[in-house]
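# sequence plus predicted model, see below.
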Amino acid sequence: MRFLGISIALICVLVGIVYFSTSYQLGRDAEKELEKGNFQEAHALAIQALEEDPYNRLAFAVANQAKQRLNIQNFLKQSKENQQDAFNILKDGSLSPEEFLRLEWMVEEFNRSYRGLLILNQPNEKEKEQLEQYKLWFENLNQRLNEVKQIKNG
């Protein structure tokens, strides 16, 4: 009976240490921020938790999920900026050779980043939709640029 009491007390102490440890508290806070959609804050808190305890599985999972969301958001932001730049170049009607090369570079950069993004990240449904829209838009731009090349070379 005494052994059982000591075992229960020891388990309670261990659970208390884990539950109230700084690392695990930071991990839980990071998870809450991730659920709110504050990916930057979630990632920062998870990294802090991992610095305290590199074996904190919750913090590791949250850090990975937050990093993926940040990568995808940054890619979408960059794609939107490149699309706006392309619109600004195309609205004039005629393209200089430099503008043409810049548009080609935008398409190549998008394709390269898009492939890398999908290898390392798992977008959710909303992000998949946005990614697909940008992919189609840049494919269309690439097709038009190739048509212009053929006309110039033909």
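Happy to help now that I have it.
# where does the residue most central in space within the chain land on pLDDT?
By C-alpha atoms, centre = their mean, the chain has its centre lying nearest to N71, at 2.3 Å. Here, the pLDDT recorded for N71 equals 95.
# tell me the spacing between it and R115.
Counting by C-beta to C-beta, to the nearest Å, the gap from N71 to R115 is 13 Å. Bear in mind the C-beta positions are built from the backbone N, C-alpha and C, glycine included.
# what do you get for N64?
Applying C-beta to C-beta to N64 and R115 gives a distance of 20 Å.
# could you do G37 as well?
Counting by C-beta to C-beta - G37 and R115 are separated by 26 Å.
# with E41 instead?
For E41 relative to R115 (C-beta to C-beta), the value is 29 Å.
# what of E98?
26 Å.
# can you check Q143 too?
Taking C-beta to C-beta, one finds Q143 at 18 Å from R115.
# what about the strand or helix carrying the residue nearest to the centre of the chain, distance to the chain center?
Element membership for N71, per DSSP states H and E: helix 57-90. Here helix 57-90 is found 5 Å from its chain centre; the criterion is C-alpha atoms, centre = their mean, to the nearest Å.
# again with stretch 51-68
15 Å.
# can you give the contact residues for it?
Contacts to stretch 51-68, defined as C-beta atoms under 8 Å, 6 or more residues apart in numbering, come from residues 21-24, 26-28, 30-31, 33-34, 39-40, 42-43, 45-47, 49-50, 120-122.
# same deal with stretch 124-131?
I72, F75, L76, Y114, L117, L118, P123.
# of the residues you listed, closest to L136?
Y114 (11.4 Å; C-beta to C-beta).
# give me the number of residues near that closest one?
A count of neighbours around Y114, defined by other C-beta atoms under 10 Å, yields 16.
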